[in-house]
Every structure is written in structure tokens, then in C-alpha cells.
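**Student:** what follows is a predicted protein model with its sequence.
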Amino acid sequence: MRISRLRGVGRLAAIALAFAFLGCGGEPPGAPQPGHGVVRGLDAQGAGVTIEHDEIPGLMAAMTMTFSVDDPTLLAGVAVGDEVDFLVRQDGERYVLTQIRPGAK
């Protein structure tokens with residue numbers, strides 16, 4: 001009797017996890033999410049960029065924040081005031097840009 005209850009609980013947990021995954025857009029944790037905004041600042045060493053961005057569904061509300069950049073060459077040609085589209089992923093406590101390009105105006 002107890003084993004069958006555990007199997008039932010396991011099935012319920014699997015179903016709940018599947019629905020939670022679907023509710024988050026079906027993306028695996030840490031998958032890059034698209035964003036759009038305006039560049040408000042650039043780190044002198046190219047390690048970060050401050051963007052005033054729209055809501056990034058499933059990740060964060062609209063705000064102005066500084067994103068980390070693991071590859072400073074991503075910021076080549078990016079200037080303060082540029083409208084940009086970007087991809088960002090969460091890496092622990094950090095939000096890291098994986099792509100940035102001029103945005104639609």
C-alpha cells in the first residue's frame with residue numbers, strides 16, 4: 001500500500017514539474033531570453049552594459065540595470081543611446097548578455 005502511494009506521489013510531482021516548466025515558456029533554466037531597450041551606460045573595460053529595457057517575460061520587469069558581458073567584443077560598435085535587441089541569461093546572481101545588436105526603431 002505504501003509503495004503504491006509513493007508511486008502516485010512521484011507521478012504527481014512529475015506532472016507538477018511538467019506544468020511548471022510549461023508555465024515558464026518551456027525553456028530550460030539559464031536559457032537566453034530576448035530583450036529590447038536603450039543603452040544607458042558602458043563599462044570602460046567592456047565587462048558590462050547598462051540598459052533601460054522593457055519587461056523580459058519570465059525573467060524580470062521593465063527597469064534600468066547593468067548586465068554582465070563575458071565576451072567584451074559583443075559591445076564593439078555599441079554606444080550610449082543606441083536602441084538594441086539582446087539575449088540575456090541568468091547565471092546564478094548575474095544576468096549575462098549573450099548577444100546584442102541594433103534594435104528596430
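**Tutor:** Thanks, I have it. Numbers count the residues shown, from 1 in each chain.
**Student:** could you give the mean pLDDT of stretch 84-96?
**Tutor:** Averaged across stretch 84-96, the pLDDT comes to 94.
**Student:** buried residues in it, which are they?
**Tutor:** Buried residues in stretch 84-96, counted by 16 or more other C-beta atoms under 10 Å: 84, 86-89, 95-96. All C-beta atoms are positioned from the backbone trio N, CA, C, and that covers glycine.
**Student:** tell me the domain boundaries of the protein?
**Tutor:** According to automatic domain parsing, the chain comprises the domains 1-31, 33-102.
**Student:** for those, which one ends up most surrounded?
**Tutor:** domain 33-102 (a mean of 15; mean count of other C-beta atoms under 10 Å).
**Student:** can you pull out the strands in this structure?
**Tutor:** Along the chain, the stretches classed as strands by DSSP state E are 33-42, 48-53, 63-69, 83-91, 94-102.
**Student:** contacting residues around the third one?
**Tutor:** Applying C-beta atoms under 8 Å, 6 or more residues apart in numbering, the set of residues contacting strand 63-69 from outside is 40-41, 43, 46-53, 75, 86, 88, 91, 94-97.
**Student:** quick one: low-confidence ranges for the protein?
**Tutor:** With pLDDT under 70 as the threshold, the chain has low-confidence stretches at 1-29, 105.
**Student:** hmm, 50 instead?
**Tutor:** The chain contains residues with pLDDT under 50 at 6, 16-26.
**Student:** before we move on, back to that, make TSV from the buried residues of stretch 84-96 and add distance to Asp70 to it.
**Tutor:** Formatted as TSV, the buried residues of stretch 84-96 follow (distance: C-beta to C-beta, whole Å):
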residue	distance to Asp70
Val84	17
Phe86	13
Leu87	12
Val88	12
Arg89	10
Tyr95	12
Val96	6
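**Student:** which one among these gets closest to Pro34?
**Tutor:** The nearest member of the buried residues of stretch 84-96 to Pro34, counting by C-beta to C-beta, is Leu87 at 5.9 Å.
**Student:** any idea what the closest one is bridged to?
**Tutor:** Pro34, Gln99 (DSSP bridges).
**Student:** can you pull the contacts of it?
**Tutor:** 32-35, 97-100.
**Student:** many thanks, have a good one.
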